[in-house]
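Novice: okay, predicted coordinates and the sequence, questions at the end:
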Amino acid sequence: MKQKLLWQIVVALAAAWQIQQTYVITAVVVPFLGPVAIPDWAYILFAAFAIVATSNGVNFTDGLDGLAGGTLIFAFVGFMVIAAAAAPLPQPNLAALCALIIGALLGFLWFNAHPAQIFMGDSGSLSLGATLAVIALITGQILVLPLIGLIFVIETASDIIQIGYFKISGGKRIFRMAPLHHHFELAGWDEEKIT
């Protein structure tokens with residue numbers, strides 16, 4: 001696990017540096033405030049964190065048939081609209097990339113819906129999560145990502161809360177199991193209902 005996280009950080013730092021250099025990003029767009037200047041090194045660290053966090057957030061969500069794929073479709077639709085309507089310059093190539101990923105995910109979901117015949121696994125969830133974060137960074141709307149990917153945030157937060165509380169309380173749990181979709185599963189909800 002530590003090696004995987006280390007490699008994710010290394011690759012995310014390289015990708016963040018490349019994004020900053022290619023698009024000469026000197027500010028982060030804050031909703032309702034506009035662009036806020038940020039030093040290059042701070043942007044690279046923030047962008048790398050966003051890539052690793054989103055990648056792992058999608059990976060945590062990938063535990064039930066159709067859950068990660070379905071939520072990724074909605075997230076990519078959101079960023080497709082953002083890329084197509086970006087002011088002052090739309091980003092049609094980025095919108096087209098989002099559309100292609102949406103199409104691929106729809107094809108995948110045909111076979112991943114309950115009962116799943118194929119599964120996403122780490123290679124799919126980690127890479128699609130990282131791609132989502134990179135698209136959010138390129139559009140300049142990275143601070144909108146936690147809202148668009150709210151399910152990923154909730155799944156990750158439930159895992160962090162469970163582990164933290166378990167360590168602090170000496171073995172007690174808040175959820176029956178983390179991430180949150182497993183808590184609902186153990187509570188007796190049907191897999192289709194949770195998804």
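Specialist: Thanks, I have the structure now. Numbers count the residues shown, from 1 in each chain.

Novice: torsion angles phi and psi at the residue located most distally from the centre of the chain?
Specialist: The centre of the chain is farthest from one residue, Gly170, which by CA atoms, centre = their mean lies 30.9 Å away. Dihedral pair for Gly170: phi 80, psi 30, per degrees, to the nearest 10.

Novice: so what's it scoring on pLDDT?
Specialist: Note for Gly170: predicted pLDDT of 94.

Novice: got the contact list for it?
Specialist: With contacts taken as CB atoms under 8 Å, 6 or more residues apart in numbering, Gly170 has no neighbouring residues. C-betas here are computed from N, CA, C, even on glycine.

Novice: Val30 now?
Specialist: Val30 is in contact with Val36, Leu143, counting by CB under 8 Å, 6+ apart.

Novice: distance of it from Leu143?
Specialist: 6 Å (CB to CB, to the nearest Å).

Novice: next: Gly129.
Specialist: Gly129 is 17 Å from Leu143, where distance means CB to CB.

Novice: those two: which is more packed in?
Specialist: Gly129 (27 against 16; other CB atoms under 10 Å).

Novice: which parts of the chain are strands?
Specialist: Using DSSP state E, the strands of the chain run over 27-30, 34-37.

Novice: can you give me the mean pLDDT across the first one?
Specialist: For strand 27-30, mean pLDDT is 92.

Novice: parallel or antiparallel, list what pairs with that strand.
Specialist: Strand 27-30 has the following strand partners under DSSP bridges: strand 34-37 (antiparallel).

Novice: can you check the pLDDT for the residue nearest in space to the middle of the chain?
Specialist: For the chain, Thr54 is the residue whose C-alpha lies nearest the centre (CA atoms, centre = their mean; 3.2 Å). As predicted, Thr54 sits at a pLDDT of 98.

Novice: okay, now Leu132: neighbour count?
Specialist: Residues lying near Leu132 (other CB under 10 Å) number 27.

Novice: which stretches in this protein count as helices?
Specialist: In the chain, the segments counted as helices under DSSP state H are 2-23, 40-61, 67-84, 92-112, 121-139, 145-148, 150-169, 180-186, 191-194.
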